[in-house]
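S.K.: One predicted model, sequence on top.
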Amino acid sequence: MRLASLGTYVQTQHDDHEDVVGQGFIDLVHDQDLVISETRLSLDLGLTRRFGASLVFPFRVVSTSIRYLDTSGMEVDLVTEGIHHRNETVTGLADPLVMGSVAGALGSFRGVARAGFSIPIGRTERDPFAPDRIDTPHQHIQLGTGTVNPMLSAELTRRWGRWHAGAFVLTQQVVYENSKGYHAGDRYAGGLTVRRSLGATWGVRGGAEVQAETAERWGGVVHTDDGNRGRLDAMLAVGVSVAATEALSIDLALKIPVVSHVVGGQLDMPAIVELGVAWSFGGSPAHEAEEDHDHGDEHDHDHEGEEHEEPGDHHDDHGPVVHPDATGLDVVDLGPPGAAPALVPVPGKLTIFDFWAPWCEPCKKLDPALVEIARAHPATVAIRRIDVVDWDSAAAATYLTPGGFNLPHLKVYGPDGALVLERSSGASTLQALIDAVRALAERPVPAPPR
């Protein structure tokens, strides 16, 4: 669950020719300031290892002020009050989003695809270009589209130790006009992100993205004298995140436009600032929580700094790993570190394959708990430990990455050789995993057939 607030200050200008007090009809400039903010409540739910669902509820606040400037830059007053612009604040719920996702490995990369739609709850205005409104005050700020709009996105990420690189594309298509004749513009976004984990708590990132929106239409017409006639923004982005607790993470991001183009006007947007707080509950996040960007107004997934562990300098950062005493128990380390040995269950025993790494702090807590279970059931429990080393190892590529698993990770086979449990964990869910393994170990072992 995530609560994020985004805000920016925008100055936009466009030329016009109007009747000015004391000067008659002259060329002038509409100089408009906007303070735009949006607060989003998002819920991401993992349905299975590969499939998930998301809900996003956005609330928008738009404050506008207007000045009229002559060609020398001096402020002037209109003979007739402006009908397109006013000093006002517009607030309300924007269109919520419902999304489904599927994730999986693509060779050494990890891919996530999403599809969904918007729900037309946000308020929309009547046609400002209608004959009965042309000469009366009106505004063009729309909190919603009034239509159900399909959305598609795709992301591809790759991990190199503490480094992550990713790319994304996204589009929202508006395929019909609403009951008031309003047809919002289609939206597009794409970008690249590089992230660096600083231990298990901090993370920093940087990247670039492009956002674009096509012109709005009223009754099938793109009006050229006002309204949204299309725009494009290219931005550089930087961010930092921190895991405040095992389940709570905080993220701060800054996006700086380097190219902005608005059809029919000029726009000055110094930066977009985002502050987000995320809370994970009910399970451990996948080790590839890569959605560390916010794609325009429609996409908000950022899980940096969650419980997942990152490989680093295994000796300098964490010291040598000391396993608990397992003398007399069926506990074996499989293969050299990083290798992907075959997983062969021990016949007649509950066989626990424990995937771990020296930099994984929850792994160090799980190890003695498993040995304790084996000590309580020495004749029926076997432990096989696999040192993953890092996410580029053969062990990770073979047994973890394809399923989107995290560390620590257990794969448990029953006495008959059948898989009975496979689960990753974070620090907050470690006890539940230990209890599940203990319950399996305490089951009676069936007698072999005669």
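M.R.: Now that the structure is in, tell me what you want to look at.
S.K.: Helices of this structure, residue ranges please.
M.R.: Using DSSP state H, the helices found in the chain span residues 314-318, 361-376, 394-395, 430-441.
S.K.: which one of the ones you listed lies closest to Leu419?
M.R.: Closest approach to Leu419 among the helices of the chain is made by helix 430-441 (11.4 Å; CB to CB). Every residue, glycine included, has its C-beta placed from N, CA and C.
S.K.: between the closest one and helix 361-376, how many degrees?
M.R.: 30 degrees (axes from the mean of the first three to the mean of the last three CA atoms, to 10 degrees).
S.K.: What lies in contact with helix 430-441?
M.R.: Helix 430-441 has contacts (CB atoms under 8 Å, 6 or more residues apart in numbering) with 350, 352, 362, 365-366, 369-370, 373, 376-377, 380-381, 408, 410, 412, 414, 420-421, 423, 425.
S.K.: Check the residues you listed for burial and list the buried ones.
M.R.: Neighbour-count burial (16 or more other CB atoms under 10 Å) applied to the contacts of helix 430-441 gives 350, 352, 362, 366, 369-370, 373, 377, 380-381, 408, 410, 412, 414, 420-421, 423, 425.
S.K.: where exactly do the strands run in the stretch 351-450 of the chain?
M.R.: Here the stretch 351-450 of the chain has its strands, by DSSP state E, counting those that start in this stretch, at 381-387, 409-413, 419-424.
S.K.: mind putting these in JSON lines, distance to Gly335 and mean pLDDT included?
M.R.: As requested, the strands of the stretch 351-450 of the chain are arranged in JSON lines below (distance: least, CB to CB, whole Å; pLDDT from 0 to 100):
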{"stretch": "strand 381-387", "distance to Gly335": "7", "mean pLDDT": "95"}
{"stretch": "strand 409-413", "distance to Gly335": "15", "mean pLDDT": "96"}
{"stretch": "strand 419-424", "distance to Gly335": "19", "mean pLDDT": "93"}
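S.K.: Could you say which one of these comes nearest to Val174?
M.R.: strand 419-424 (39.4 Å).
S.K.: which residues sit in contact with Ile250?
M.R.: Contact analysis of Ile250 by CB under 8 Å, 6+ apart lists 241-242, 244, 275-278, 305.
S.K.: scratch that, Leu254 is what I was asking about
M.R.: 237-239, 271-274 are the contacts of Leu254 under CB under 8 Å, 6+ apart.
S.K.: which of those residues are buried?
M.R.: Applying 16+ other CB under 10 Å to the contacts of Leu254 flags 237, 239, 272, 274 as buried.
S.K.: Would you check which pair of those residues lies furthest apart?
M.R.: It's Gly239 and Ile272 that sit farthest apart of the buried ones among the contacts of Leu254, by CB to CB, at 11.3 Å.
S.K.: quick one: the strands in the stretch 101-250 of the chain?
M.R.: Counting by DSSP E, counting those that start in this stretch, the strands of the stretch 101-250 of the chain are 109-118, 150-160, 163-172, 182-183, 187-198, 202-213, 217-218, 231-243, 248-262.
S.K.: Give me the buried positions along the last one.
M.R.: Right, the one you point to is strand 248-262. Using 16+ other CB under 10 Å as the test for burial, strand 248-262 gives 249, 251, 253, 255, 257, 260, 262.
S.K.: Columns distance to Asn87 on top of the residues you listed, output as JSON lines?
M.R.: Below are these laid out as JSON lines (distance: CB to CB, whole Å):
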{"residue": "Ser249", "distance to Asn87": "39"}
{"residue": "Asp251", "distance to Asn87": "34"}
{"residue": "Ala253", "distance to Asn87": "30"}
{"residue": "Lys255", "distance to Asn87": "27"}
{"residue": "Pro257", "distance to Asn87": "25"}
{"residue": "Ser260", "distance to Asn87": "24"}
{"residue": "Val262", "distance to Asn87": "21"}
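S.K.: Check the contacts of Leu254 against Gly185 and report the nearest one.
M.R.: Nearest to Gly185 among the contacts of Leu254, with distances taken as CB to CB, is Ile272, at 19.0 Å.
S.K.: so what's Ala271 up against?
M.R.: 8, 254-257.
S.K.: I'd like the helices of the chain as TSV, with mean pLDDT and distance to Gly227 appended.
M.R.: As requested, the helices of the chain are arranged in TSV below (pLDDT from 0 to 100; distance: least, CB to CB, whole Å):
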stretch	mean pLDDT	distance to Gly227
helix 314-318	39	56
helix 361-376	93	54
helix 394-395	90	57
helix 430-441	92	54
